[in-house]
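In: this one's structure only:
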């Protein structure tokens, strides 16, 4: 028999002493013990090892949002990134079932793969390491720290205990099923309404406690078709509603074709296509200058939003809205197609937008009774329209002579004249056999001052036109600003120059959100997000941006994140929370759009309507006022399966969000942290819990 190096098996004397053998064996056993005793936390960011320690300095977690501007690293270090592989179709199918293994078991099963991933990440850092790269150097040093007694890592016992106490999600049992909108489907609140004369039943009525359950998926749900194909066709199973196809099919709104819903680009006023209609407006009024002078418009009663969908070809973005009415799913259709829209109604309260921000407002046969009750609804549009902006009214009173149409036209003519709106164009579209009247809002107060009657009246001086949350409509007008340093006194710069230019009314004597003079603050924000988006988000997160269309910035300041995405085929809903500095007028001034919202309540959109949500230092503030579980449940509701959530916040908050994401069985695509600040990118899956929670107020 062949001889081994360390022993003889033929009974002859060993070439090494027994003591030597025992020493070698002892060393091996110690090495194995050290390796086995190192607790591994799958998904743990290597950069957090030093930050998660129990030291005194770790307890002082930064909560100052302005620290984000100190992060100039741009590209994320590969040693700081954990990018998990995408799950295959089999995994997605199993997501619809309750997992058989516990959280702890899954962590143990995945530990080996995560160890290998960390090893590869570490090797990549060593290969690309540069002395001046602080982030990568820090990663190498932290990776060498393997002493569990320092508290850098959690222990398996603690992980198992935490798993036992993790979030227990349930599926929502609501009357509207997969299309549940909490603040619009509160049947219990609607029963207390004594009149629906002003569409009170279509306004927001949020439940006292926001839901923490997860909305179910429609049967046969499929990942949405990508833009631009989605403008013309979507999966029927994703929005299985045929009401509009039956009622409006002859007007080319939407048609059913096998497993698809098709959108020929028509509408009630443009049966032969939206582009012809859009160009007819421009030809009738060249001064409207789509995509130059006119960049941001509001579409009232949008239908399936084909008007806004085709205005993208003219470099115009449209905030479309419509109520959740008998023509169900019109806003849902729009968002599924990749067109901006929200569920809203012109009822008793102001719309959630600032004053003087829309370059134009459009209403195509939207059936809004503009002339009644002192013109209260039309005066709300007057609040929203920029001085010098246009109102395009395409409705039967403009071109038909039925008695009712004539009566409405006369009432509208009287009202618009009293409002000092100038009727600049009345045109007829022979192809579509419709017409439109185009009005222009005044740029001075001269007409107001020369009116013989103060009707509609000028609003009281203490009536803030930018106050919108739960503010009732009033039948009054606000004066036009005439001071050249005040917002609304001048038209913004032409698009796209206005995107990167600080608004003329930002004063250097005023401090911006981050402490610099306001114009400098604006520019710093823009440069910061260009750096982050180009250096990290585009290539550093493993996101296929061709699959991203509907984007929401959940806490937008100046709109810098949206501006940095300008060259991608996406649109961004910029949300300014109610308790944040009111910077939404700046966002509109630069040719972008957005909305006010209270994130302790549900957003007015259908489920599964956004591809990517971005939250910059939002959650650390929100958790002071709201239950984070309800906010995450709302994010799950509005995010599409395979949609991404990018969170920038302090490491303590990121740890909470990551823990919730894991309890939802979302894919943790990347974690990164530096100096108590970090970034987390997660991907929603198709998983839904088997246990059900019935929401009694929806029935």
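Out: On my side now, so go ahead. Since we're looking at a predicted model, the values are computed, not measured.

In: so where's the protein uncertain?
Out: Per-residue confidence for the chain (pLDDT under 70) gives these ranges: 1-166, 244-252, 325-328.

In: nearest residue to the middle of it?
Out: Central residue of the chain (CA atoms, centre = their mean): residue 552, 1.8 Å from the mean position.

In: hang on, it in a helix?
Out: No. Applying DSSP: H, G, I helix; E, B strand; the rest coil, one finds residue 552 to be strand, outside a helix.

In: tell me the contacts of it?
Out: 572, 573, 575, 610, 612, 613, 614, 638 (CB atoms under 8 Å, 6 or more residues apart in numbering). (Each C-beta comes from the backbone N, C-alpha and C, glycine too.)

In: cool, and residue 521?
Out: So residue 521 contacts 511, 512, 513, 514, 515, 558 (CB under 8 Å, 6+ apart).

In: how about the helices in the stretch 251-400 of the chain?
Out: 274-284, 306-311, 330-337, 376-384, 396-399 (DSSP state H, counting those that start in this stretch).

In: can I get these in TSV including mean neighbour count and distance to residue 459?
Out: Listed next are those as TSV, based on neighbours: other CB atoms under 10 Å; distance: least, CB to CB, whole Å:
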stretch	mean neighbour count	distance to residue 459
helix 274-284	18	31
helix 306-311	26	30
helix 330-337	27	31
helix 376-384	23	9
helix 396-399	20	27
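
In: roughly how far apart are residue 323 and residue 545?
Out: 33 Å (CB to CB, to the nearest Å).

In: who's more crowded, those two?
Out: Comparing residue 323 with residue 545 by other CB atoms under 10 Å, the one with more neighbours is residue 323, at 19 against 16.

In: so that one touches residue 343, yeah?
Out: Yes. At 6.8 Å, residue 323 counts as touching residue 343 under the criterion of CB atoms under 8 Å.

In: residue 233 is nearest to which of the helices of the stretch 251-400 of the chain?
Out: helix 330-337 (8.5 Å; CB to CB).

In: check which helices and strands that closest one is in contact with.
Out: In terms of contacts (3 or more CB pairs under 8 Å, 6 or more residues apart in numbering; DSSP states H and E), helix 330-337 is packed against strand 233-235, helix 306-311, strand 317-322, strand 341-343.

In: tell me the contacts of residue 473?
Out: Counting by CB under 8 Å, 6+ apart, residue 473 touches 348, 349, 350, 376, 377, 379, 380.

In: over to residue 331?
Out: Contacts of residue 331 by CB under 8 Å, 6+ apart are 302, 305, 320, 321, 322, 324, 341, 342, 343, 605, 606.

In: got these as CSV, with neighbour count and distance to residue 564 columns?
Out: Output for those, formatted as CSV (neighbours: other CB atoms under 10 Å; distance: CB to CB, whole Å):
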residue, neighbour count, distance to residue 564
302, 29, 27
305, 28, 25
320, 28, 24
321, 25, 26
322, 23, 30
324, 22, 33
341, 30, 23
342, 22, 23
343, 22, 28
605, 21, 23
606, 27, 27
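
In: one step back: turn the helices and strands packed on helix 330-337 into TSV, including distance to residue 536.
Out: Below are these laid out as TSV (distance: least, CB to CB, whole Å):
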stretch	distance to residue 536
strand 233-235	32
helix 306-311	31
strand 317-322	25
strand 341-343	29
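
In: quick one: closest of those to residue 451.
Out: Of all the helices and strands packed on helix 330-337, it is strand 317-322 that lies closest to residue 451, at 31.0 Å by CB to CB.

In: contact partners of that closest one?
Out: Outside strand 317-322, the residues that reach it (CB under 8 Å, 6+ apart) are 295-303, 305, 307-308, 311, 330-331, 334, 339-345, 351, 353, 358, 362, 571, 591-593, 595.

In: do the same with stretch 396-407
Out: 365, 408, 409, 412, 426, 428, 434, 435, 436, 437.

In: which ones among the residues you listed map onto strands?
Out: 426, 428, 434, 435, 436, 437 (DSSP state E).

In: pairing partners for the third one in the sheet, please.
Out: The reference is to residue 434. Counting by DSSP bridges, residue 434 is bridged to residue 429.

In: my guess is residue 583 contacts residue 576. True?
Out: Yes. Using CB under 8 Å, residue 583 is in contact with residue 576, at 6.1 Å.

In: cool, thanks, signing off.
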